[in-house]
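# The following comprises the amino acid sequence and a computationally predicted model.
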Amino acid sequence: MTLNIGLIGTGWFSDMHARLLTQQDDVDIVAITGSSKQKADSFAAKLPHAKGYGDATAMLDAHMLDAVYICTPPFAHGMFEELCIERGIPFFIEKPLSSEEQLPHQLLSRIQEKGLITSVGYHFRYMDGTERAKELLANRQLALSLGYWMGGAPGGTWWRRQERSGGQFVEQTTHIVDLLRYTVGEVTEVYAAYHEGILSTQDANANVADAGTVTLKLTNGSVATISNTCIIPAGEQCGLHIYTNEGKLEITHGGVKDHTADKIIEYKNRSNPYEKQMKAFLHAVGTGDASQIRSSYEDACQTHRVTMAANASAASGNVIKLA
Ligand SMILES: NC(=O)c1ccc[n+]([C@@H]2O[C@H](COP(=O)([O-])OP(=O)(O)OC[C@H]3O[C@@H](n4cnc5c(N)ncnc54)[C@H](O)[C@@H]3O)[C@@H](O)[C@H]2O)c1
């Protein structure tokens, strides 16, 4: 059976997902919606069978879609999810769920009522190194985690606007928060301090924070800090270091390094996590078995709560308790 897929968003990451989807034998991207029909048409022209739309309702009325990929920026969420929920269409959605605090939680109750299959683009969960880290951590005592995302601010108008992206911690560093939740445990308390004023001086359009440090307490008693900056001129480094009674595990895009008393063993990522993520979702859509999906909308709502709590804490100066 061929699965008919519709895409929403014509940007960088729709392109990445479209390239992977078109490599599958049993998948056809039949439609794409952009912020304008012109953009959707030029994206569709790169695909063998896709038709472009400037309006998601028109796309959904015209096609019997098996699943939708929602790859729009954080501010452009709500309507597309609503349309999929109303029609009972499973969807994959890129992180973060929104730049707003409450919207995902409101959508979640409707997703749960319908029992809809969803998958969220927290691809670190599908990395080989993350799988290995989870195995190693099963027999170790956890004490402290240090996460980081250090880079420059992406260009484009939406990323640098707080109300559009949610800022770096919500938009980007969310991957590290999610990785912490997946490998170490749930977060109960959040305290954040942000630095502002450098990026907004360089770029009059920018109003996101330059940097931040977020302290977290977890249900298992361990503690964590996750820091980020988007003002360094070049390069991007991100990862999570987890300190246990047997040493340090260092998870990065490359894999995981296991530092113990007398040796360092490195497990490199071999497979493509985005491909594994896609296959888990397509398997769920094709069979109804969602057990291979590692980040559902419901689970991602918890990551969203933590990142939004960090923003709230930075604004108020208060510790935010989540449990
Ligand atoms: N998982 C990952 O590793 C990863 C990597 C990159 C981006 N992303 C996420 O993917 C999302 C999109 O990022 P991107 O880099 O593709 O951004 P982008 O700016 O390249 O593209 C965004 C697209 O959304 C479209 N869009 C905006 N508003 C819309 C609307 N109302 N209706 C229809 N289309 C609309 C824009 O026209 C644009 O084509 C973001 O949430 C980002 O965080 C995830």
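Happy to help now that I have it.
# shouldn't Glu236 be in contact with Met150?
Yes - counting by C-beta atoms under 8 Å, Met150 is a contact partner of Glu236 at 7.0 Å. C-betas here are computed from N, CA, C, even on glycine.
# Of the two, which one has the most company?
Shown here are Glu236 and Met150; by other C-beta atoms under 10 Å, Met150 has more neighbours (17 against 13).
# quick one, phi psi at the more buried one?
phi -120, psi 120 (degrees, to the nearest 10).
# For my notes, confirm Ile242 occurs in a strand.
Yes - counting by DSSP: H, G, I helix; E, B strand; the rest coil, Ile242 falls inside a strand.
# Quick one: neighbours of it, just the number.
Counted by other C-beta under 10 Å, the residues lying close to Ile242 total 26.
# and the stretch 1-150 of the chain, which residues reach the ligand?
Applying C-beta under 6 Å from any ligand atom, we find that the stretch 1-150 of the chain lies next to the ligand at 8-14, 33-35, 39, 71-74, 76, 94-95, 121, 123.
# Inside strands: which ones of those residues?
Judged by DSSP state E, those include Ile8, Thr33 as members of strands.
# ok, Tyr148 - how many residues close by?
There are 19 residues near Tyr148, going by other C-beta under 10 Å.
# So which elements touch the helix or strand it falls within?
Secondary structure assignment for Tyr148, by DSSP states H and E: strand 142-150. The elements that strand 142-150 packs onto, with contact taken as 3 or more C-beta pairs under 8 Å, 6 or more residues apart in numbering; DSSP states H and E, are helix 174-183, strand 223-229, strand 237-244.
# So what touches that strand?
168, 172-173, 175-177, 179-180, 184-185, 220, 222-229, 232, 235-245 (C-beta atoms under 8 Å, 6 or more residues apart in numbering).
# Now restrict the residues you listed to buried residues only.
168, 172-173, 175-177, 179-180, 184-185, 222, 224, 226-229, 238-244 (16 or more other C-beta atoms under 10 Å).
# how close does the residue of the chain found nearest the ligand sit to Asp66?
Across the chain, the shortest distance to the ligand (C-beta to the nearest ligand atom) belongs to Gly11, at 1.8 Å. Noted for Gly11: a distance of 23 Å to Asp66, by C-beta to C-beta, to the nearest Å.
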